[in-house]
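Chemist: Sequence and predicted structure below; questions after.
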Amino acid sequence: MTSRPAKQIKVALVCGTRAPGKCGVGDYSNCLADALRAEGVSIEQIEMKNWSLLQASRYKSLLADSAADLVHVQYPSLGYKRSILPAVTGHLGLKIPTLVTLHEFQVYRAYWRFIFAPISTGTSARVFTRSDELDRFAKTYPARKGQDVVIPIGSNIPKAEDVTRKSATVAFFGLFWPGKGLEQFLEFANLAKSRGIDPSSISVIGAPVQGKDRFHAQIREKSREIGFNLYESRSPDKVARLLAEHEFAYLPFPTGADERHGSMAAVLVNGCKLLTTFGNATPQWIKTIAQEVSSPENAFRFVTQSEVFKEGDNSYPTHFAGAQVRYDWRVIARRHIELYETLLEPENSGQGGDGLFPSGQHGSLEARKATG
């Protein structure tokens, strides 16, 4: 492939939330920006306090003033709230390629998916973090334009080095958001204490979410009542070290583990033995390296009876190494650069969403990305 060197590429990276620990997509965006800069790509992160459609003119001016070669939108993000402005970026007449990373699609109810229609027709490319999201999008918008690519997420939390792991310790990691599994972990902590387990061997690691103050208060109250460790809003390096100190991570995702969960990436990168739930979207590679648990009681049994990940089982370390490569930001950055270079080839540049590839065609990159 003939292309301009990566160091000559400038990208306007759009995300509604940049403050660390406030939004998983925001954290992902910051990590991607850092990884791309390390590979020689110039990044200008675009932010606004007000994403109302009334701000479309200002938004377009910010993008034009960036003098970027491409616009890359991360969508959705907490900072956008319910605005559709980021979704119509490809229809602003910028005359440069626009691509969108769709971090969530299937979770949106059918009546709200109209917001993705402009993305299906106005973008040169769409990046999905897992193949089942791409498949659902393709079925919903069969007449879409542009190319579809799968690039798995990386870990927003680095890998800690030289940390002593404490046996029979269990951690939860994630944003303090109701309905995402933390309630089940609190049940596990209470169960463990009631059966004589030292609660100091159990930790909740994460950060509160704006607007979820009552739930945050409940977590703090449970920490005082049960006695587990509560670590709030720690730096990525500190989170990494805390995770690496624990033998197990119990992440009871309501819909099952899949590639979109950054918290899962963080615990795997830091060597925790993963106890989690499986669902329809759980890929085989996760089933190979994780232990399925159906309830807090089930998780407690595996931790205390030590029937999981037995000594001498060489499959876990082998697949664990593969998981670490999967979440390597250097690999992820290079895959993005390959996509950028494709979009900037003379026959493709400046086309926006006006049919870079025939409708419904995923493009040559998709197969390579989907196997990553």
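Modeler: Arrived safely.
Chemist: What are the boundaries of the helices in the protein?
Modeler: Under the criterion DSSP state H, helices of the chain are mapped to 24-38, 56-65, 117-122, 131-140, 182-194, 213-226, 236-244, 262-269, 284-289, 296-305, 315-326, 329-343, 364-370.
Chemist: and the fifth one, C-alpha only, in CSV?
Modeler: The one in question is helix 182-194. Once non-C-alpha atoms are left out, helix 182-194 reads as follows in CSV (Å, rounded to 0.1, in the frame of the first residue of the first chain):
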residue,chain,number,x,y,z
LEU,A,182,-21.4,-3.9,41.5
GLU,A,183,-24.5,-4.8,43.5
GLN,A,184,-23.7,-8.5,43.0
PHE,A,185,-20.2,-7.9,44.1
LEU,A,186,-21.4,-6.3,47.3
GLU,A,187,-23.6,-9.4,47.9
PHE,A,188,-20.4,-11.5,47.5
ALA,A,189,-18.6,-9.3,50.0
ASN,A,190,-21.4,-9.6,52.5
LEU,A,191,-21.6,-13.4,52.0
ALA,A,192,-17.9,-13.8,52.4
LYS,A,193,-17.9,-11.8,55.7
SER,A,194,-20.9,-13.9,57.0
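Chemist: what packs against it?
Modeler: When contacts are defined as 3 or more Cβ pairs under 8 Å, 6 or more residues apart in numbering; DSSP states H and E, helix 182-194 sits against strand 166-176, strand 202-208, helix 213-226, strand 246-251, helix 296-305. The C-beta positions use only the backbone N, C-alpha and C, and glycine is treated the same way.
Chemist: Same question for the third one.
Modeler: If you count contacts as 3+ Cβ pairs under 8 Å, 6+ apart, helix 117-122 packs onto strand 98-102.
Chemist: how distant is the strand it packs on from the center of its chain?
Modeler: Averaged C-alpha coordinates place strand 98-102 at 14 Å from its chain's average position (Cα atoms, centre = their mean, to the nearest Å).
Chemist: Paired strands for it, with orientation please.
Modeler: Based on DSSP bridges, the strands next to strand 98-102 in the sheet, each with its direction, are strand 70-75 (parallel), strand 125-128 (parallel).
Chemist: Can you add distance to V269, mean neighbour count and mean pLDDT and give those back as JSON lines?
Modeler: Below are the strands paired with strand 98-102 laid out as JSON lines (distance: least, Cβ to Cβ, whole Å; neighbours: other Cβ atoms under 10 Å; pLDDT from 0 to 100):
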{"stretch": "strand 70-75", "distance to V269": "21", "mean neighbour count": "25", "mean pLDDT": "96"}
{"stretch": "strand 125-128", "distance to V269": "21", "mean neighbour count": "26", "mean pLDDT": "96"}
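Chemist: So for D328, which of these sits nearest?
Modeler: Proximity to D328, assessed across the strands paired with strand 98-102 by Cβ to Cβ, is greatest for strand 125-128 (16.9 Å).
Chemist: Buried deepest among the helices and strands packed on helix 182-194, which one?
Modeler: Highest mean neighbour count among the helices and strands packed on helix 182-194 (mean count of other Cβ atoms under 10 Å): strand 246-251, with a mean of 26.
Chemist: and P199, how many neighbours?
Modeler: Using other Cβ atoms under 10 Å, the number of residues around P199 comes to 16.
Chemist: Could you pull up the residues touching it?
Modeler: The neighbourhood of P199, defined by Cβ atoms under 8 Å, 6 or more residues apart in numbering, consists of 189, 192-193, 226-228.
Chemist: From these, keep the buried residues only.
Modeler: 189, 192-193, 226, 228 (16 or more other Cβ atoms under 10 Å).
Chemist: any weak-confidence spans in the chain?
Modeler: Across the chain, the stretches falling below the confidence threshold (pLDDT under 70) are 1-7, 106-113, 306-321, 347-372.
Chemist: farthest residue from the center of it?
Modeler: With distances taken from the mean C-alpha point of the chain and given as Cα atoms, centre = their mean, the most distant residue is G196, at 36.2 Å.
Chemist: Could you measure from the residue nearest to T282 when sequence neighbours are not counted over to R214?
Modeler: Spatially, and ignoring its direct neighbours in sequence, T282 is nearest to G256 (4.7 Å; Cβ to Cβ, 6 or more residues apart in numbering). The spacing between G256 and R214, counted by Cβ to Cβ, to the nearest Å, is 27 Å.
Chemist: follow-up on the earlier one: now, which of the contacts of P199 sits nearest A168?
Modeler: The shortest gap between A168 and any of these belongs to A192, at 10.1 Å (Cβ to Cβ).
Chemist: Identify the residues contacting that closest one.
Modeler: Each residue near A192 by Cβ under 8 Å, 6+ apart is listed here: 170, 199, 201-202, 300, 303.
Chemist: ditto for H216
Modeler: H216 makes contact with 176, 208-209, according to Cβ under 8 Å, 6+ apart.
Chemist: JSON lines please, covering those residues and showing distance to F248.
Modeler: Written out in JSON lines, the entries for these read as follows (distance: Cβ to Cβ, whole Å):
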{"residue": "F176", "distance to F248": "20"}
{"residue": "P208", "distance to F248": "24"}
{"residue": "V209", "distance to F248": "25"}
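Chemist: where does K81 fall, phi/psi-wise?
Modeler: K81 adopts backbone torsions of phi 60, psi -120, taken as degrees, to the nearest 10.
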